[in-house]
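In: Have a look at this fold, sequence not included:
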């Protein structure tokens, strides 16, 4: 499982080593309308202007203290730029969606985050635009000679010479969705657009970017964008949404810092729900190999997945999933509401994401909320990770494996690194899915650093640990 041959190769900014993110989908979190109102947001008498005047994005400011209270230090925002509906159908990259407010509101949110030591990341939707984006909308009237024609993947009925005003082109759609015309990433104009947008918002304080649908873009495209952005903003962090395939190859071809570790998310919930820890072990072997080349963005839930509490089915497994998220190497992100143990299922239908992108309450959850124990466990494990920053790119070694039992040793990739916190000799994560007490080897680690709440405590026994039924523990 271990990969000790090389240290991770990316040039990720130094701050990312200590990054733990809280991921919010703003349009859902503030209860925005499903469709953008008509009109100019700058005109107070227009429907768009009226909703912009509600400044809903500022409702997230009180939640920054909640984020800090968890122990996180990065706010990953979902789409905030002007769009037609769900945020991934952009119509203006340089304007905040009026359903969220104004540019000033976003700048205020960023400033408030920075005042608390929190970095802010945006969701960059650069694989496609919305159908109503001006660069696409003008094509039917301006034809093949339109300045933006080269920005999309188009075909003209009967050929370019046969075009007459009012004839719309055929176009490549992102995943077959008519309202999402795909951009042409071979176009220098598209590279210039994307770099300009990223620079524009970095100038306003943005610290990093998630690149939406990066799996659909030729990775080489980013070599024409990211150097320009980093030349001005060398501390910007960039990761791409990649679901399957050669993660490390994409990182190296694109120059991105990281990609999303969907394989690990799948293995975590599925191996726990099915009591098949061999699946998780197989994925951890691949994960360990990646760490020699880059450190992935890790998560157990996001805006596109069924919430982890619902995916697992048995809420006794939430602690296991959370321990895996916060002990395993990676740059971990907690999806808003998961820290409260919220449940919701993603459905494959129009509006099927609404439940997993639910509104936040007006004020952060308090001690009286039903999810307080889950929230406390998040804070406890995040605090433990803070004491062990070397976990970011730790070396993994399997100590024991069967269907229902797994113990994994984690230790620093580089021995004796100054400032890397306590337990520099390593820790062990032990998991049990057994309905009876179980014993696992821990390589002699006998001090319990964290464990399942509400159960009998884990007990060091010989050179291992005795876990209660459905228990887990971290030992040092």
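Out: In hand now; what should we look at? As the structure is a computational prediction, the values presented were derived from the model and not from experiment. Numbering: from 1, shown residues only.
In: Helices of the protein, start to end?
Out: Shown for the chain, the helices assigned by DSSP state H span residues 26-29, 47-52, 61-70, 103-115, 134-137, 139-142, 188-203, 226-232, 247-254, 262-273, 277-290, 308-312, 318-327, 372-387.
In: Could you point out which of the ones you listed sits nearest residue 174?
Out: The closest of those to residue 174 is helix 134-137. By C-beta to C-beta, the value is 12.3 Å. C-betas here are computed from N, CA, C, even on glycine.
In: I'd like the average pLDDT over that closest one.
Out: For helix 134-137, the mean per-residue pLDDT is 98.
In: which parts of that helix are buried?
Out: Buried residues in helix 134-137, counted by 16 or more other C-beta atoms under 10 Å: 135, 136, 137.
In: For the second one, which non-adjacent residue is spatially closest?
Out: So the one you mean is residue 136. Leaving aside its chain neighbours, residue 136 sits nearest to residue 181 (5.2 Å; criterion: C-beta to C-beta, 6 or more residues apart in numbering).
In: got the end-to-end distance for stretch 226-245?
Out: In stretch 226-245, first residue to last residue: 22 Å (C-alpha to C-alpha, to the nearest Å).
In: From the rest of the structure, what touches that stretch?
Out: Stretch 226-245 is contacted from outside by 12-13, 15-16, 19, 119, 121, 195, 198-199, 202, 206-215, 222, 250, 254-260, 262-263, 296-297, 331, using C-beta atoms under 8 Å, 6 or more residues apart in numbering.
In: can you tell me which of the residues you listed are in strands?
Out: 119, 121, 208, 209, 210, 211, 258, 259, 297, 331 (DSSP state E).
In: Let me have the residues you listed in TSV, adding distance to residue 353 as columns.
Out: TSV is the format used below for those (distance: C-beta to C-beta, whole Å):
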residue	distance to residue 353
119	26
121	20
208	23
209	21
210	16
211	19
258	24
259	21
297	20
331	24
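In: farthest pair in the residues you listed?
Out: Within the ones in strands among the contacts of stretch 226-245, 119 and 259 form the most distant pair, 18.8 Å apart (C-beta to C-beta).
In: Give me the more crowded residue out of these two.
Out: Between residue 119 and residue 259, counted using other C-beta atoms under 10 Å, the more crowded position is residue 259 (27 against 23).
In: follow-up on the earlier one: could the helices of the chain be laid out in CSV, adding distance to residue 413?
Out: Converted to CSV, these look like this (distance: least, C-beta to C-beta, whole Å):
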stretch, distance to residue 413
helix 26-29, 36
helix 47-52, 48
helix 61-70, 26
helix 103-115, 30
helix 134-137, 45
helix 139-142, 51
helix 188-203, 30
helix 226-232, 25
helix 247-254, 16
helix 262-273, 18
helix 277-290, 11
helix 308-312, 28
helix 318-327, 15
helix 372-387, 16
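In: Out of those helices, which is closest to residue 353?
Out: The nearest among the helices of the chain, by C-beta to C-beta, is helix 26-29 at 8.1 Å.
In: just the buried members of the contacts of stretch 226-245?
Out: Buried residues within those, counting neighbours by 16+ other C-beta under 10 Å: 12-13, 16, 19, 119, 121, 195, 198-199, 202, 206-215, 222, 250, 254-260, 262-263, 296-297, 331.
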